[in-house]
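Colleague: What follows is a predicted structure for the sequence shown.
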Amino acid sequence: MAEVLATMVVGPLVSMVKEKASSHLLDQYKVMEGMEEQHKLLKRKLPAVWASSPTPRSRQRKTERGEAWLEELRTVAYKSERCP
């Protein structure tokens, strides 16, 4: 009698756990598959991004030119304020 009761309870319980575990594993597989596609895409795009990004030296030159231009603008603005 106990064996029949155990079979009636344990059988559906094991089936339910198996279904949940397989569903979870399938979801994880789908996520990993999507990540693999994203990884491939990034591997293709990143070299192009790196190639087009400015080097530190060119950024420094732009900053220096920008600072010189800003200083000149300040000087002109100051002189224009002093004019009657």
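Modeller: Perfect, I can see it now.
Colleague: Neighbours of Thr55, how many?
Modeller: 8 (other CB atoms under 10 Å). Every residue, glycine included, has its C-beta placed from N, CA and C.
Colleague: how does this protein divide into domains?
Modeller: 1-53, 54-84 (automatic domain parsing).
Colleague: and those domains as CSV, adding mean pLDDT?
Modeller: Formatted as CSV, these follow (pLDDT from 0 to 100):
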stretch, mean pLDDT
domain 1-53, 82
domain 54-84, 78
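Colleague: Now do the SS call for Leu70.
Modeller: helix (DSSP: H, G, I helix; E, B strand; the rest coil).
Colleague: what about Pro54, which SS state?
Modeller: Under three-state DSSP, Pro54 falls in the coil class.
Colleague: the helices in this protein, which residues?
Modeller: Taking DSSP state H, the helices of the chain run over residues 2-52, 56-82.
Colleague: mind checking how far the shortest one is from the chain centre?
Modeller: In this case it means helix 56-82. Distance of helix 56-82 from the chain centroid (CA atoms, centre = their mean, to the nearest Å) equals 36 Å.
Colleague: same thing with the longest one?
Modeller: Relative to the chain's own centre, helix 2-52 is displaced by 21 Å; criterion: CA atoms, centre = their mean.
Colleague: packing partners for it?
Modeller: Contact analysis of helix 2-52 by 3 or more CB pairs under 8 Å, 6 or more residues apart in numbering; DSSP states H and E lists no helix or strand as a packing neighbour.
Colleague: before we move on, back to that, make TSV out of the helices of the chain and add mean neighbour count.
Modeller: TSV is the format used below for the helices of the chain (neighbours: other CB atoms under 10 Å):
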stretch	mean neighbour count
helix 2-52	9
helix 56-82	10
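Colleague: What lies in contact with stretch 10-18?
Modeller: Stretch 10-18 has contacts (CB atoms under 8 Å, 6 or more residues apart in numbering) with no other residue.
Colleague: Can I get that stretch in PDB, CA atoms only?
Modeller: The C-alpha trace of stretch 10-18 is given here as PDB (Å, rounded to 0.1, in the frame of the first residue of the first chain):
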ATOM      1  CA  VAL A  10       6.800  10.500  -6.300                       C
ATOM      2  CA  GLY A  11       6.100   9.800 -10.000                       C
ATOM      3  CA  PRO A  12       4.300  13.100 -10.800                       C
ATOM      4  CA  LEU A  13       6.800  15.000  -8.600                       C
ATOM      5  CA  VAL A  14       9.800  13.600 -10.400                       C
ATOM      6  CA  SER A  15       8.100  14.400 -13.700                       C
ATOM      7  CA  MET A  16       7.400  18.000 -12.700                       C
ATOM      8  CA  VAL A  17      11.000  18.500 -11.500                       C
ATOM      9  CA  LYS A  18      12.300  17.000 -14.700                       C
END
